[in-house]
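Student: what follows is a predicted protein model with its sequence.
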Amino acid sequence: MTKEQFVVTAAQMRDIEGRIFAAGMPVAALMEKVGRLISDSFARHWQRLQSIIPLSPLFQGGLGGSNVGILAGPGHNGGDALVVARELHFQGYQVWIYQPFAKLKELTSQHLQYAQNLGIPCFTELAELPSCDFLIDGLFGFGLEREITGNIAEAINHFNDWNKPIFSIDLPSGLHTDTGEVLGTAIRATHTFCLGLWKQGLLQEQALEYIGQAELIDFDIPLADIHAILGEVTKIKRITKTTVFDTLSLPLSPTTHKYKSGHLLLISGSKRYAGGAILTGLGARASGVGMLSIAVPESIKPLLISHLPEALIIGCPETETGAISHLQLPPNTDLSSFNAIACGPGLTTDATPIIEQVINSDVPLILDADGLNILAQLGTISTLQKRQNTTILTPHTGEFHRLFPDINYQDRVKAVQTAASQTGAVVLLKGARTAISNPEGVVWINAESTPALARGGSGDVLTGLMGGILARVVNKQVNIEDVVAAAAWWHSQGGILAVKERTELGVDAFTLTQYLIRVLKLSIEDIL
Ligand SMILES: NC(=O)C1=CN([C@@H]2O[C@H](COP(=O)(O)OP(=O)(O)OC[C@H]3O[C@@H](n4cnc5c(N)ncnc54)[C@H](O)[C@@H]3O)[C@@H](O)[C@H]2O)[C@@H](O)CC1
Ligand SMILES: [K+]
């Protein structure tokens with residue numbers, strides 16, 4: 001496991017930190033190490049920003065020079081900030097410190113004293129502050145324990161209004177470390193340097209507007225200490241490239257053949273939503289699945305063949321409204337002929353019998369879109385518990401609410417855990433930070449994505465991609481939640497690459513399908 005994968009609460013971080021100190025690491029030495037790592041990372045970012053931003057019409061005149069305002073709190077987050085202040089002072093930056101607290105932790109107080117003796121200007125009043133080019137926020141880290149009020153809240157709002165780049169240490173001051181909730185008010189950072197291990201709050205949707213670009217500063221926490229606190233089977237994890245490639249089963253075996261690379265059945269589309277079937281098929285194509293069969297209403301079969309000549313298109317009898325009325329598989333084929341079924345995009349809610357049929361099969365099954373809407377209408381979600389094989393549900397927030405009206409989805413991690421435990425399925429809740437849980441509550445969070453993916457058809461691509469990966473690897477002793485996580489990661493990385501080349505407006509669902517293999521290739525080159 002890489003460090004990037006672990007996700008901790010404030011209490012877990014404190015316990016891990018406690019073990020390191022109990023083993024003999026001096027607190028001051030750790031703060032010194034962390035402070036220097038932050039200073040180095042900051043200097044790298046600042047040089048990069050200075051080279052890019054003067055070219056931007058948004059920042060006429062560039063970012064300015066190297067005047068730094070350091071916001072120092074009373075605890076060790078403030079201590080880190082004061083180490084950074086000292087380091088930047090010696091690197092030639094013009095530094096000032098804002099420190100409005102009457103009582104400081106001892107180590108923090110010592111660093112403040114040294115900074116003052118070095119002649120770094122220190123201020124306690126907002127009105128006295130000189131201007132600066134950027135701010136470093138070390139007011140509060142994981143020790144924030146109540147709402148921020150009074151003059152500190154006022155100061156935070158004031159700094160946000162300056163519209164300067166703000167680099168937050170550990171997490172933007174004011175965010176709850178576990179839930180990402182704003183406690184009173186919070187710094188709106190442009191960058192966050194998360195220390196040691198990812199804090200759970202930074203992966204929650206409600207924190208996203210505050211954290212800017214986040215990176216992990218690894219300060220060499222021994223793995224033994226992490227496992228001692230989080231356990232050997234970590235419950236909440238962040239998807240990384242390494243974990244995805246462990247699942248994708250690459251390179252292919254030289255002796256593979258098409259049936260060994262999986263046979264996926266997609267059930268999708270209707271006369272009204274033919275595009276959904278095409279996009280799902282193109283998503284599945286990118287997965288490299290060995291055999292692809294697509295069941296659609298008879299009338300749209302020619303269209304599907306023209307887009308996916310490699311797939312076996314199964315034309316099915318249709319209802320008056322142009323939905324599939326029932327499955328009509330080729331001779332000598334039944335549902336057990338497939339390694340996985342992905343069902344739902346573009347079906348309309350008239351395809352009810354299909355959903356009953358696939359639920360009753362014992363083939364690994366993904367239900368999405370209208371598959372989920374029909375499931376909600378049938379009110380038979382509890383029957384999923386009886387399925388003999390894997391079920392995966394991939395709702396967006398609206399579908400989730402229709403399926404699980406009693407589950408509060410404000411805390412998305414808890415929501416997916418509850419939904420997975422109630423259904424025995426792996427549940428993926430789509431969003432800016434997609435969360436995935438297995439029935440035992442093991443959660444993956446997809447921490448890198450782009451709002452460019454919030455467009456019609458994007459989910460259909462995900463369903464096809466996931467179906468293809470599932471069919472390829474389902475017999476290879478993989479964890480199903482790892483397959484779902486791999487698909488979510490691959491899909492969003494495709495979107496991120498497409499944004500880089502085409503802007504946020506250039507990522508329609510069809511274009512996205514064209515980026516899936518490109519991003520895979522870049523990732524493989526990166527890993528090798
Ligand atoms: N965990 C680790 O391994 C390391 C932690 N370090 C730093 O230590 C930080 C945690 O330090 P602390 O535990 O001292 O906590 P913080 O520095 O986050 O803040 C705690 C202080 O803030 C006060 N406080 C809390 N809520 C307040 C509020 N709403 N209004 C006013 N005052 C409030 C508390 O009374 C306490 O004095 C981390 O975020 C990180 O920056 C690093 O120095 C080194 C490594
Ligand atoms: K902070």
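Tutor: Received it, and whenever you're ready, just let me know what you need. Numbers count the residues shown, from 1 in each chain. Ligands and ions are numbered 1, 2, ... in the order given.
Student: find the closest residue to ligand 1 in the stretch 351-500 of the chain.
Tutor: Ala447 (19.0 Å; Cβ to the nearest ligand atom). For every residue, glycine as well, the C-beta is placed using N, CA and C.
Student: what's the longest helix in this structure?
Tutor: Using DSSP state H, we find that the single longest helix of the chain is helix 27-52.
Student: is that one up against ligand 2 anywhere?
Tutor: No: on the criterion Cβ under 5 Å from the ion, helix 27-52 is out of touch with ligand 2, staying 10.7 Å away.
Student: quick one: list the elements packing against that helix.
Tutor: helix 10-22, helix 76-90, helix 106-117, strand 166-169, strand 191-195, strand 213-217 (3 or more Cβ pairs under 8 Å, 6 or more residues apart in numbering; DSSP states H and E).
Student: that helix to helix 10-22, inter-axis angle?
Tutor: Here helix 27-52 runs at an angle of 120 degrees relative to helix 10-22 (axes from the mean of the first three to the mean of the last three Cα atoms, to 10 degrees).
Student: next secondary structure after helix 27-52?
Tutor: Following helix 27-52 in sequence order, the next helix or strand is strand 67-72 (DSSP states H and E).
Student: now that next one, how far from the centre of its chain.
Tutor: Relative to the chain's own centre, strand 67-72 is displaced by 30 Å; criterion: Cα atoms, centre = their mean, to the nearest Å.
Student: before we move on, what about stretch 264-275?
Tutor: Stretch 264-275 has its C-alpha centroid displaced from the chain centroid by 28 Å (Cα atoms, centre = their mean).
Student: re the thing from before, in the longest helix of the chain, what's buried?
Tutor: 30-32, 34-35, 37-39, 41-42, 45-46, 49 (16 or more other Cβ atoms under 10 Å).
Student: out of these, which two sit at the greatest distance?
Tutor: Leu30 and Leu49 (28.2 Å; Cβ to Cβ).
Student: could you report the neighbour count for the nearest residue to Glu125 once chain neighbours are set aside?
Tutor: Nearest residue to Glu125, sequence neighbours excluded (Cβ to Cβ, 6 or more residues apart in numbering): Pro100, at 7.5 Å. By other Cβ atoms under 10 Å, 17 other residues sit near Pro100.
Student: tell me the angle the helix or strand of the chain with the lowest mean pLDDT makes with strand 213-217.
Tutor: Least confident helix or strand of the chain, by mean pLDDT, DSSP states H and E, is helix 27-52 with a mean of 89. Helix 27-52 and strand 213-217 are oriented at 140 degrees to each other (the same axes, to 10 degrees).
Student: quick one: helix 27-52 near ligand 1?
Tutor: Yes: under the criterion of Cβ under 6 Å from any ligand atom, ligand 1 is reached by helix 27-52 at Leu30, Met31, Val34.
Student: which one of those residues sits closest to Gly281?
Tutor: The closest of the residues of helix 27-52 next to ligand 1, once distances to Gly281 are taken by Cβ to Cβ, is Val34, at 49.5 Å.
Student: quick one: contacts for that closest one?
Tutor: By Cβ atoms under 8 Å, 6 or more residues apart in numbering, Val34 lies in contact with Asp80, Val83, Leu195, Gly196, Ile217, Phe219.
Student: name the nearest residue to it, ignoring sequence neighbours.
Tutor: Phe219 (5.2 Å).
Student: distance check, the one you found against ligand 2.
Tutor: 16 Å (Cβ to the ion, to the nearest Å).
Student: neighbours around that residue, how many?
Tutor: 16.
Student: got it, and Ser66?
Tutor: 17.
Student: give me the nearest residue to it, chain neighbours excluded.
Tutor: Nearest non-adjacent residue to Ser66 (Cβ to Cβ, 6+ apart): Tyr93, at 4.5 Å.
Student: surely that neighbour touches Val84?
Tutor: No: in this structure, Tyr93 is not within contact of Val84 by Cβ atoms under 8 Å, at 10.0 Å.
Student: perfect, I'm done here.
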